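**Student:** predicted structure and sequence below. I'll ask about it afterward.
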Amino acid sequence: MEIQTSETRTARLKNIAKCVVFLCICVVILTILSNVFTPPAGSTSGHMQDMPSGGFYAEPENTIDVIGIGNSNMANGFSPMELWKQYGYTGYNCGVAAQIVFNSYTTLSEVFARQQPKAVIVDADGFFPTSGHMNTFYSFTNGLWREPSR
């Protein structure tokens with residue numbers, strides 16, 4: 001068993017301090033770079049403020065045949081490219097992870113202001129929240145937040 005002297009303790013503390021300083025510098029650099037490459041909050045540059053669900057703003061008006069909307073089930077399970085490849089319909093997936101019904105309603109209102117889709121595919125899972133933050137009831141008509149009854 002090695003007995004630590006004050007010199008080895010000092011050397012170990014210097015190494016730990018160097019690691020901490022290095023990690024702090026990395027965090028600062030990543031934070032600065034993230035701010036450089038991330039659009040500012042509330043930015044409407046290119047109407048892409050809520051990607052990917054807001055990407056339909058970049059599409060020419062009345063060019064989308066099918067809209068998919070809902071939570072992560074829709075976001076990960078509906079492929080507009082497959083829809084185009086197999087059936088020739090243009091589509092857009094407005095699904096977002098943990099999307100609540102009120103947000104789906106709001107997004108659809110915005111879609112209908114720019115597009116006239118022939119069909120809307122709605123993931124009904126959002127109507128039945130079961131766990132975590134999804135277990136909060138959101139009023140479909142006015143977006144009021146209420147705690148679930150216990």
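**Tutor:** Yes, it's here.

**Student:** just the mean pLDDT for the lengthiest helix in the chain, thanks.
**Tutor:** What stands out as the longest helix in the chain, according to DSSP state H, is helix 6-37. Computed over helix 6-37, the mean pLDDT rounds to 89.

**Student:** by contact count, what packs against it?
**Tutor:** Using 3 or more CB pairs under 8 Å, 6 or more residues apart in numbering; DSSP states H and E as the contact definition, helix 6-37 packs against no other helix or strand. All C-beta atoms are positioned from the backbone trio N, CA, C, and that covers glycine.

**Student:** strand partners (parallel or antiparallel) of whatever helix or strand comes next after that helix?
**Tutor:** Downstream of helix 6-37, the first helix or strand assigned by DSSP states H and E is strand 66-69. Applying DSSP bridges, strand 66-69 is found paired with strand 91-93 (parallel), strand 119-122 (parallel).

**Student:** next, format the ones you listed as JSON lines and append distance to residue 75.
**Tutor:** Below are these laid out as JSON lines (distance: least, CB to CB, whole Å):
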{"stretch": "strand 91-93", "distance to residue 75": "6"}
{"stretch": "strand 119-122", "distance to residue 75": "12"}
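
**Student:** closest to residue 27 out of these?
**Tutor:** strand 91-93 (34.1 Å; CB to CB).

**Student:** go through the very next helix or strand once past the closest one and flag the buried ones.
**Tutor:** As assigned by DSSP H and E, the chain's next helix or strand after strand 91-93 is helix 101-114. With burial defined by 16 or more other CB atoms under 10 Å, the residues of helix 101-114 counted as buried are 101-104, 107-108, 111.

**Student:** of those residues, closest to residue 82?
**Tutor:** residue 111 (20.1 Å).

**Student:** separation between that closest one and residue 29?
**Tutor:** Distance, residue 111 to residue 29, by CB to CB, to the nearest Å: 39 Å.

**Student:** mean pLDDT added to the strands paired with strand 66-69, as TSV?
**Tutor:** Formatted as TSV, these follow (pLDDT from 0 to 100):
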stretch	mean pLDDT
strand 91-93	91
strand 119-122	92
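
**Student:** could those be laid out in JSON lines, adding distance to residue 54 and mean neighbour count?
**Tutor:** Output for those, formatted as JSON lines (distance: least, CB to CB, whole Å; neighbours: other CB atoms under 10 Å):
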{"stretch": "strand 91-93", "distance to residue 54": "10", "mean neighbour count": "22"}
{"stretch": "strand 119-122", "distance to residue 54": "16", "mean neighbour count": "14"}
